[in-house]
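K.L.:
Provided below are the primary sequence and the corresponding predicted coordinates.
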Amino acid sequence: MRTAPEKHLALWLVFAAGLVASTYGVYQLLGLRNIGLAAAQAAGGLALIAWVIFHPARAPGSARP
């Protein structure tokens, strides 16, 4: 089982990946490049961000020493 710092690092990495993916997807949408791929990338990035926000590991009592 992973320790609390590793969990938080993993959540931050997933959040950062979602932020980058959604930002780049929106950039592609605004540039009217490949609309289907850009929409999927933006939605996937936002889904990663939402997953981190609502993940059970963020609950106050879930971090075990």
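P.N.:
That came in fine, so what should we check first?

K.L.:
Mind listing what's buried along the helix or strand hosting residue 22?
P.N.:
Element membership for residue 22 (DSSP states H and E) is helix 4-30. Within helix 4-30, the residues that qualify as buried are 7, 11, 15, 18, 21-22, 25-26, 28-29, counting by 16 or more other C-beta atoms under 10 Å. No exception for glycine: its C-beta is placed from N, CA and C like everyone else's.

K.L.:
just stretch 39-53 next, same as before
P.N.:
Quick answer for stretch 39-53 (16+ other C-beta under 10 Å): 41-42, 45-46, 48-49, 52.

K.L.:
Show me which of these has the smallest pLDDT value.
P.N.:
Comparing pLDDT over the buried residues of stretch 39-53, the lowest score belongs to residue 52 (87).

K.L.:
Remind me what the helix holding residue 22 packs against, helices and strands.
P.N.:
Packing contacts for helix 4-30, counted by 3 or more C-beta pairs under 8 Å, 6 or more residues apart in numbering; DSSP states H and E, involve helix 35-53.

K.L.:
ok, residues contacting the helix it packs on?
P.N.:
Residues from elsewhere that reach helix 35-53 (C-beta atoms under 8 Å, 6 or more residues apart in numbering): 11, 14-15, 17-26, 28-29, 58.
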